[in-house]
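Engineer: sequence-free structure coming up:
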């Protein structure tokens, strides 16, 4: 069996038996994630790894966790968060209550960043901001709900939080351990949601979905963004990753507010 055939059999098994839509993701992303698990399990090739996956239910969950991990951070790309600050200020002037959705939220740092920004900016009505945070990975959501983060050799949580002039108002720090305070946690509700197969939400004033589409095959991006578009109220705002674009078939539904920062408004 060729390597390509073994790869196809592996992806088909995952889609049919584990419920993860491998067909929506580009091959290079899948190969990186598979390689990570193959190294951990000692599998020499895709065929051998498929045998392990069939025989070990725990490996299936480990693989799903690996497939759904995305790079994240507090206030990632600070210039984008300055743009989000402007959006929150506009919404604070126009809305009695601000409903935001952080889609594909990973370990929760994005929705907590949004909540802290809402509380920190005097021109934003943080007390009227509520945030739904969703991801396909239940383990990541459980960790996010705990709201505890630690610096590592490659990640300095304190440095990420310095976007705020006094982040200690919102985070308890003990050495390299950072715990989100309850007033911030109470603004965020975590829920499992599959952007590929799940139904749209409704009535959101702001949706943030950053750095997911770079992993998705082009033919599926439009359907996922359609789900997001239908979840926004007319006049609502959308923020996507700086390396991502709105598919041609959906461009008529959005006005570009800041093309560089990838901030849009629904018509």
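Structural biologist: Sure thing, it's come through. From a predicted model like this one, the values you see are computed outputs, not experimental measurements. Numbering: from 1, shown residues only.
Engineer: any weak-confidence spans in the stretch 51-200 of the chain?
Structural biologist: 69-71, 154 (pLDDT under 70).
Engineer: Please enumerate the strands of it.
Structural biologist: Under the criterion DSSP state E, counting those that start in this stretch, the stretch 51-200 of the chain carries strands at the ranges 98-102, 129-135, 148-150, 171-174, 177-180, 188-192.
Engineer: Save these as CSV, and put in distance to residue 110 and mean neighbour count too.
Structural biologist: Using the backbone N, CA and C atoms, a C-beta is placed for each residue, glycine as well. As requested, these are arranged in CSV below (distance: least, C-beta to C-beta, whole Å; neighbours: other C-beta atoms under 10 Å):
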stretch, distance to residue 110, mean neighbour count
strand 98-102, 5, 25
strand 129-135, 7, 22
strand 148-150, 12, 17
strand 171-174, 15, 14
strand 177-180, 13, 18
strand 188-192, 10, 17
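Engineer: Residue 257: which of those strands is closest?
Structural biologist: Residue 257 lies closest to strand 98-102 among those, at 15.9 Å (C-beta to C-beta).
Engineer: What pairs with the closest one, parallel or antiparallel?
Structural biologist: Strands flanking strand 98-102 in the sheet, each with its direction: strand 129-135 (parallel), strand 204-209 (parallel) (DSSP bridges).
Engineer: report the angle between the axes of it and strand 188-192?
Structural biologist: Compare the direction of strand 98-102 with that of strand 188-192 by axes from the mean of the first three to the mean of the last three C-alpha atoms, to 10 degrees and you get 40 degrees.
Engineer: List of residues touching strand 98-102?
Structural biologist: For strand 98-102, the external contacting residues (C-beta atoms under 8 Å, 6 or more residues apart in numbering) are 88, 91-92, 110-111, 114, 118, 125, 128-134, 188, 201, 203-209, 231.
Engineer: please redo it, this time with the cut-off set to 7 Å
Structural biologist: Contact partners of strand 98-102, identified using C-beta atoms under 7 Å, 6 or more residues apart in numbering, comprise 91-92, 110-111, 114, 125, 128-133, 201, 203-208, 231.
Engineer: Quick one: the strands of the stretch 51-200 of the chain as a markdown table, columns for distance to residue 45 too.
Structural biologist: Compiled in a markdown table, the strands of the stretch 51-200 of the chain are given as follows (distance: least, C-beta to C-beta, whole Å):
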| stretch | distance to residue 45 |
| --- | --- |
| strand 98-102 | 38 |
| strand 129-135 | 30 |
| strand 148-150 | 35 |
| strand 171-174 | 45 |
| strand 177-180 | 40 |
| strand 188-192 | 33 |
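Engineer: that older thread, quick check on the contacts of strand 98-102: which are buried?
Structural biologist: Those of the contacts of strand 98-102 that meet the buried threshold are 91-92, 110-111, 114, 125, 129, 131-133, 201, 204-208, 231, by 16 or more other C-beta atoms under 10 Å.
Engineer: Please, where are all the helices along the chain?
Structural biologist: In the chain, the segments counted as helices under DSSP state H are 3-13, 27-41, 46-55, 57-67, 78-94, 109-120, 138-146, 157-161, 182-185, 218-231.
Engineer: from those helices, which stretch is densest packed?
Structural biologist: The highest mean neighbour count among those belongs to helix 109-120 (a mean of 24), with neighbours defined as mean count of other C-beta atoms under 10 Å.
Engineer: Quick check: chain neighbours aside, which residue is closest to residue 1?
Structural biologist: Residue nearest to residue 1 in three dimensions, not counting chain neighbours: residue 47, with 6.0 Å by C-beta to C-beta, 6 or more residues apart in numbering.
Engineer: can you pull the contacts of residue 110?
Structural biologist: Applying C-beta under 7 Å, 6+ apart, we find residue 110 in contact with 72, 102, 208.
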